[in-house]
Each structure stands twice: as C-alpha cells, then as structure tokens.
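1. Here is my input; please provide its structure:
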Amino acid sequence: ITKEYLIHIDIYEKINFNYRGSLFLPIKFPFLPVERISVKLNLSNENNIIQYCNDNQCINGQCIQYLNNPNQRNFCRCKSGWTGKYCNISYVSTCSFDSLCVGIGSNNRSICICPINKFGSQCLLTNNICRRKNQCQNNGFTGNRCQISDTKIILKFDKNILLSSNLLIFFHFFHLLSNTLHSRSINLLLKCENDSSLVIYWSNPFNIIFIQISPFEYYSITDKTIHDQSSIIIHTINQLDRCRSIYNI
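-> Numbers count the residues shown, from 1 in each chain. This next block holds a predicted model:
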C-alpha cells in the first residue's frame, strides 16, 4: 500500500465562524476493513495560535501548519470558492447565505458550517428551540386536570465552570426502591447561548439527581431520603459538586 490516508479536522468557533486551526489523524492500518481510532483532542483557548508557512503552490489559499504535527506538516487552506490540494479547482457553493462554506465533499456537495439557529446539509432548515419561552406545554403541572405541581429544579453555574453555548445537558434521576434496588430516568435539556439559568420540571419520584455535561463530567445536584412531589430545588453548581473519577480517588 503506497497511498497515505488521514483524517483532517478543521476547528471553527460556533458563534462567529473564526478559524482556530486544523488537526490531522493518521490512519495507520489502511489495509484493515475497519479501524477504530480513539484520540484525545486538546483545544487551546488562546488566540493567534495558527502557524503559517511559505508554499507558493497554494494558488488560491494559504499554507497552514497542523496544530498537532511535530514535523511541521502543512496543507493549503483554500479561499471560498476554491478546492483541491493546491486550491486550483473552482466550485459554486450551495450553502445558505448566512452559513460558511469550507469546501466540497467526495460527492461534490458543499461542506457547510451552520449558524446556531440553522441546520441541514445546506443550512437551509431553521431551529428555533432557543427562542421558545415555555419548553413545557403544561408549565410544570401533571394530573388529569393539571392540578399537581411538579418538582421544579432551577440550576445556575458558577463562573469557574466553563460551558459552551448550545450545550446538551443530561439529567439523571435515581429513585431508591430498597436498600439494593433503584430505578433511573434520564431527561435531556438544551442550554442555549444566553441562558443564565436552567429550569426543568420533573413529575416522577426521585431521591438523587446528577447532571452530565460531558461523557466524563458529572455533578451532584441533590440527595434526598424522602421525595417531595411539589418541591422547588434551587442550586448553583460549582466544582465541589463534581463527582470525582474512580481513577482520581
């Protein structure tokens, strides 16, 4: 096998589409029908980390060095409307006017980066979930006549906890049935860009609540022996609430 295959990753800021750099992952065993790749990506919060290089072959683009390449490997980052190894092939973008086109795929379709309120292959579909004032149809009441007030949970985040915009947060509710048995329910909530707090209503019995904001980042919200159907829980999440990994204990 003489060809070299790699995975190219471009990094953009979601709000303003600022380009932050590119990473590459080599495919070491291309002869395998399936290769599972596991990698940890470290993204810097610093600005101006892009390293440029001199390559006159980049006709309609800039020579950029990969962020994770110790051997100063580089590539041509093309201007809008150009593609190819040396940015010498023109194309017409089919992305929506308010999105960012960063090239074309193997199927000759435009690769579009959508703004927050758009989605779809061409960013033509609108997502207005962050504009909804009432995410619960019944305002947090249950029962045949909506006469039962559900548990209301109001969460805020300490300034030391950095959260990205439009973050999916998982709520894990545990109900203790006996000394050894329990049931778990999971609910999903979207944290929008301008949300200063999160509000969720829960009608089922529970004793313990955890929230999950990443695959390995859990925080404890409450631990109650007796469930109160119509209680109001207000909590500010800080680093002391974080559940330590078993590898750190």
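
2. How is this protein divided into domains?
-> 1-90, 92-127, 141-248 (automatic domain parsing).

3. Report the buried residues of stretch 38-52.
-> Buried residues in stretch 38-52, counted by 16 or more other CB atoms under 10 Å: none are found. (Glycine included, C-beta is placed from N, CA and C.)

4. rewinding a little: can you list the domains of the chain in JSON lines and add mean pLDDT?
-> Listed next are those as JSON lines, based on pLDDT from 0 to 100:
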{"stretch": "domain 1-90", "mean pLDDT": "83"}
{"stretch": "domain 92-127", "mean pLDDT": "88"}
{"stretch": "domain 141-248", "mean pLDDT": "81"}
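
5. Helix or strand: which one has residue 185?
-> Using DSSP states H and E, residue 185 sits in strand 182-191.

6. Where does the residue with the largest distance to the centre of the chain sit: helix, strand or coil?
-> In the chain, the residue that sits farthest from the middle, by CA atoms, centre = their mean, is residue 145; the gap is 38.2 Å. Here residue 145 is recorded as coil under DSSP: H, G, I helix; E, B strand; the rest coil.

7. Contacts for stretch 80-99, please.
-> With contact meaning CB atoms under 8 Å, 6 or more residues apart in numbering, stretch 80-99 is reached by 57-61, 76-79, 101, 103-104, 108-110, 112-115, 118, 122-124.

8. Could you do stretch 161-171 as well?
-> So stretch 161-171 is contacted by 14-15, 116, 130, 153, 157, 186-193, 198, 200, 202, 209-213, 237-239 (CB under 8 Å, 6+ apart).

9. Would you mind giving me the ChimeraX syntax to select the buried ones in the contacts of stretch 80-99?
-> A single ChimeraX command selects the buried members of the contacts of stretch 80-99 (16+ other CB under 10 Å):
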select :58,60,61,76,77,78,101,103,104,110,112,114,115,118,122,123
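
10. which ones among the contacts of stretch 80-99 are found in strands?
-> Using DSSP state E, the members of these that fall in strands are 61, 76, 77, 78, 101, 103, 104, 110, 112, 113, 118.

11. neighbours around residue 13, how many?
-> 10 (other CB atoms under 10 Å).

12. ok, now the one 5 residues further on?
-> In terms of burial, residue 18 registers 10 neighbours under the definition other CB under 10 Å.

13. and what of residue 219?
-> Counted with other CB under 10 Å, residue 219 comes out at 21.

14. Tell me what it is bridged to.
-> Beta-bridge pairing for residue 219 (DSSP bridges): residue 211, residue 242.

15. can you pull the contacts of it?
-> With CB under 8 Å, 6+ apart, residue 219 has these contacts: 210, 211, 213, 237, 241, 242, 243.

16. Where does the nearest residue to the first one once chain neighbours are set aside sit: helix, strand or coil?
-> In space, not counting the residues next to it along the chain, residue 210 is nearest to residue 172; the distance is 4.3 Å by CB to CB, 6 or more residues apart in numbering. Assigned with three-state DSSP, residue 172 falls in the strand class.
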